[in-house]
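Trainee: Sequence and predicted structure are below.
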Amino acid sequence: MADTADGTADGTADERRYGEWVAVRRHGRGWVAELALERTAAMNALSTALARHLTAACADLAADPGVRAVVLTSAHPRAFCVGADLKERNGLDDAAFGRHRTVLRAAFTAVLDLPQPAVAAVRGFALGGGYELALSCDLIVADPTAVVGLPEVSVGVIPGGGGTQLLPRRVGAARAAELIFTARRVEAAEALRLGMVDVLAGDGEGAARAEALDLAARIAAHSPVGLRAAKRALRLGQGLGLAAGLEVEDAAWRTVAFSPDRAEGVAAFNEKRTPEWP
């Protein structure tokens, strides 16, 4: 098991459930929140209900100042998320399909807009909307069983959870076009080489989750004000010219430069102690 943010053995401080298939567990001092997908009977296929519960969980996490990092995990041993629930979609008329699309888009946006750094822990299949959930996080940890990709054109649609925008920002426009147009599935080692994932964990059923929780704990040890401001600058600066991006950075810097966190960080450095972030 991973170490938690306060250096103690990994333990669950509390759990909150959102419907049948989504759970949030706080680790250590509560600084790291594990957001777990638990629709195991369907390999976490994104149904309307699952999407609604995921959106609600993200809204609570975003509003919680005690959460410094989020880890998105799966309870299924062979799949992170296989994407859209095509069985459910098969029974929808056009009007219902439009409503379903609105609900799913809200879920992807909720993950993408988390103000805290977010890490996806991918074991097994992360395809279509499943990979887009991972792309909506800031970092992706995968184990050797991971298989990722955006195969939507093979079933007559396109990536609609951010894939056409987020994947090029990771791997470049031409590489993203090749991956999306061919609908191919990419195994872990190649995914790491292409930049589709960021960290390759060791083998074993819990390896990706443990690595992601450890990474989140190391992140969560730092200033919560600084972490949120840094994420905001990174996200808002994407796609801007250099001058505009530097203005975004300056605005984010000003939110932390005159904060109690900055004063505590400087004091702790000079006193050679661990900061106690206000």
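Mentor: Thanks, I have it.

Trainee: Now do the strands in the protein.
Mentor: Under the criterion DSSP state E, the chain carries strands at the ranges 12-18, 22-27, 32-37, 69-74, 79-81, 118-122, 125-127, 139-142, 147-149, 186-187, 199-200.

Trainee: Would you format the ones you listed as TSV with mean pLDDT and distance to Ala107 included?
Mentor: C-beta here means a position set from N, CA and C on the backbone, and glycine is covered the same way. Output for the strands of the chain, formatted as TSV (pLDDT from 0 to 100; distance: least, CB to CB, whole Å):
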stretch	mean pLDDT	distance to Ala107
strand 12-18	81	11
strand 22-27	96	10
strand 32-37	98	11
strand 69-74	98	12
strand 79-81	97	11
strand 118-122	98	14
strand 125-127	98	15
strand 139-142	98	18
strand 147-149	98	19
strand 186-187	98	23
strand 199-200	97	24
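
Trainee: Tell me what angle the longest helix anywhere in the chain forms with strand 32-37.
Mentor: Across the chain, the longest stretch assigned as helix under DSSP state H is helix 94-112. Inter-element angle recorded for helix 94-112 and strand 32-37: 160 degrees (by axes from the mean of the first three to the mean of the last three CA atoms, to 10 degrees).

Trainee: Contacts made by stretch 94-102 with the rest, please.
Mentor: 48, 88-89, 92, 160 (CB atoms under 8 Å, 6 or more residues apart in numbering).

Trainee: any low-confidence regions in the chain?
Mentor: Scanning the chain for pLDDT under 70 picks out 1-13.

Trainee: tell me the domain boundaries of it?
Mentor: Split into domains by automatic domain parsing, the chain comes to 12-220, 224-271.

Trainee: So which of those domains is nearest Pro278?
Mentor: Of all the domains of the chain, it is domain 224-271 that lies closest to Pro278, at 4.1 Å by CB to CB.

Trainee: Find out how far that closest one is from the centre of the chain, if you would.
Mentor: 21 Å (CA atoms, centre = their mean, to the nearest Å).

Trainee: what does stretch 218-232 give?
Mentor: Computed by CA atoms, centre = their mean, the separation of stretch 218-232 from the middle of its chain amounts to 15 Å.

Trainee: what does stretch 112-120 give?
Mentor: Averaging C-alpha positions (CA atoms, centre = their mean) puts stretch 112-120 5 Å from its chain's average.

Trainee: Tabulate the strands of the chain (CSV), appending mean neighbour count.
Mentor: Shown next, in CSV, are the strands of the chain (neighbours: other CB atoms under 10 Å):
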stretch, mean neighbour count
strand 12-18, 13
strand 22-27, 22
strand 32-37, 25
strand 69-74, 27
strand 79-81, 28
strand 118-122, 30
strand 125-127, 26
strand 139-142, 27
strand 147-149, 24
strand 186-187, 17
strand 199-200, 17
